[in-house]
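Participant: Provide a 3D model corresponding to the input given below.
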Amino acid sequence: MAIVVRIDVELARRKMSVGEFAERVGLTPANVAVLKNGRAKAVRFSTLEAMCRVLGCQPGDLLEWVPDEQDAPAAVQEARR
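Facilitator: Numbers count the residues shown, from 1 in each chain. A predicted model of the protein is given here:
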């Protein structure tokens with residue numbers, strides 16, 4: 001998977017539990033686990049907005065694109081531009 005979800009990092013920085021985060025965002029703890037474990041296929045912008053509001057962060061703090069091995073050469077070329 002090329003998109004890595006970093007909710008666990010942001011929760012740890014704020015010493016916030018998954019349960020508290022889920023309640024404040026309006027998700028079930030099970031759905032937070034799906035996001036944290038990288039099993040989600042999509043995230044609604046309204047959910048992303050709520051997560052950023054609760055954590056006081058930007059979407060880029062929660063999501064990171066990591067190139068697959070086959071994408072790595074292209075990613076390096078793009079970074080050089």
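
Participant: What are the neighbouring residues in contact with residue 55?
Facilitator: 10-11, 14, 16, 21, 61-62 (C-beta atoms under 8 Å, 6 or more residues apart in numbering). (Glycine included, C-beta is placed from N, CA and C.)

Participant: Now with 6 Å, please.
Facilitator: residue 10 (C-beta atoms under 6 Å, 6 or more residues apart in numbering).

Participant: Let me know the pLDDT of it.
Facilitator: Note for residue 55: predicted pLDDT of 98.

Participant: what does the one 3 residues further on give?
Facilitator: Per-residue pLDDT puts residue 58 at 98.

Participant: dump the residue contacts of it.
Facilitator: Contacts of residue 58 (C-beta under 6 Å, 6+ apart): none.

Participant: what about the longest helix in the chain?
Facilitator: helix 45-55 (DSSP state H).

Participant: Dump it to PDB, keeping only the CA atoms.
Facilitator: The C-alpha trace of helix 45-55 is given here as PDB (Å, rounded to 0.1, in the frame of the first residue of the first chain):
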ATOM      1  CA  PHE A  45     -13.200  14.500   3.600                       C
ATOM      2  CA  SER A  46     -15.700  15.200   6.400                       C
ATOM      3  CA  THR A  47     -14.000  12.400   8.500                       C
ATOM      4  CA  LEU A  48     -10.600  13.700   7.600                       C
ATOM      5  CA  GLU A  49     -11.600  17.200   8.600                       C
ATOM      6  CA  ALA A  50     -13.000  15.900  11.900                       C
ATOM      7  CA  MET A  51      -9.800  14.000  12.700                       C
ATOM      8  CA  CYS A  52      -7.700  17.100  11.900                       C
ATOM      9  CA  ARG A  53     -10.000  19.300  14.100                       C
ATOM     10  CA  VAL A  54      -9.700  16.900  17.000                       C
ATOM     11  CA  LEU A  55      -6.000  16.400  16.700                       C
END
